[in-house]
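**Student:** Sequence below, structure please.
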Amino acid sequence: MSSLPKLEFNKLQKRLRRHAGQAIEDYKMIEEGDRVMVCLSGGKDSYTMLDILMNLQKSAPVKFELVAVNMDQKQPFYPEHILPEYLDALGIEYYIVNKDTYSIVKQKIPEGKTTCGLCSRLRRGTLYAFAEEIGATKIALGHHKDDIVQTLFLNMFYGSRLSGMPPKLLSDDKRNIVIRPLAYCRESDIEAFSQYKEFPIIPCNLCGSQENLQRQNIRKMLLDWEKQDGSRIEKIFSSMQNIAPSQMADTELFDFANLTIDRTGERKEYGFDSSQTIDSGGVPEPLSSRSDFIEVTQIN
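**Tutor:** Sure thing, here's the model as predicted:
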């Protein structure tokens, strides 16, 4: 039971709705007539996402449908009754997709190794296909700002690439659009919201797999950074929205090879144009005698 006072909860709820609404607007995540498939895992993030979207739906300037979808991957001891009971009480359209990916993962991944990567890929493929079956135009996932920043460093440190987890994504086959309405929301706010609402949380470690150790390391690093600077995550996320390709090193992203000088027109003053003296050596003629350019034929 949360000890958060009602007034503080109201502020928290408004903040989450404001951030989600802003992300939806900035990336045009939800448009008129959309049928949004809200993916529920039974964790705090997806419960919060559904709650926020249902509230935003009431006051949104566009009309859209929400459909809740959970995938039962047949993990041992999975409490199959929890989500149907919760969703029945909400009165929302929902589906439970039953697919035994647990057995496939156990066959493929050696004992003691994390299964999260393969598990998520199998789940993603199933949900993409099901979205088409029910006519969903958007697939909503519950990743938040902390997840996005962690993924940036995870890919950088362990994958040698500068990529994150975008707020809006077109699938590789271009058949589905994934949205992350909580992209501007902090995990701490979601945690507090979830505790206050007392969502019936289903643990994600029923399969016995431990969370990816690499992600744990990244999370710890970022938490340590935030102890030094409470705005560190915000600044990193803002940098992901303010990318300068010409200041990076990706030749596919920016055409470094064909950079050319253009000295037409009058040059603007540089910062050091004030007073200066020049010492030179090995120059054929004094700099001052050249009005156009200096052609150096030999340097002694």
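**Student:** Could I get the full set of helices for the stretch 51-200 of the chain?
**Tutor:** Here the stretch 51-200 of the chain has its helices, by DSSP state H, counting those that start in this stretch, at 82-90, 101-108, 116-133, 145-159, 187-197.
**Student:** Could you quantify the relative orientation of the fourth one and helix 187-197 as an angle?
**Tutor:** Using axes from the mean of the first three to the mean of the last three Cα atoms, to 10 degrees, the interaxial angle of helix 145-159 with respect to helix 187-197 works out to 130 degrees.
**Student:** Next, the buried residues of helix 145-159.
**Tutor:** Buried residues in helix 145-159, defined by neighbour count with 16 or more other Cβ atoms under 10 Å: 145, 146, 147, 148, 149, 150, 151, 152, 153, 154, 155. No exception for glycine: its C-beta is placed from N, CA and C like everyone else's.
**Student:** before we move on, the earlier item: how about JSON lines for the helices of the stretch 51-200 of the chain, with mean pLDDT and distance to residue 249 added?
**Tutor:** Converted to JSON lines, these look like this (pLDDT from 0 to 100; distance: least, Cβ to Cβ, whole Å):
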{"stretch": "helix 82-90", "mean pLDDT": "97", "distance to residue 249": "46"}
{"stretch": "helix 101-108", "mean pLDDT": "70", "distance to residue 249": "36"}
{"stretch": "helix 116-133", "mean pLDDT": "81", "distance to residue 249": "28"}
{"stretch": "helix 145-159", "mean pLDDT": "95", "distance to residue 249": "13"}
{"stretch": "helix 187-197", "mean pLDDT": "97", "distance to residue 249": "31"}
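**Student:** closest to residue 231 out of these?
**Tutor:** helix 145-159 (12.2 Å; Cβ to Cβ).
**Student:** what does that closest one contact?
**Tutor:** Applying Cβ atoms under 8 Å, 6 or more residues apart in numbering, the set of residues contacting helix 145-159 from outside is 45, 161-165, 167, 180, 182-187, 214-215, 218-219, 221-222, 233-234, 236-237, 240.
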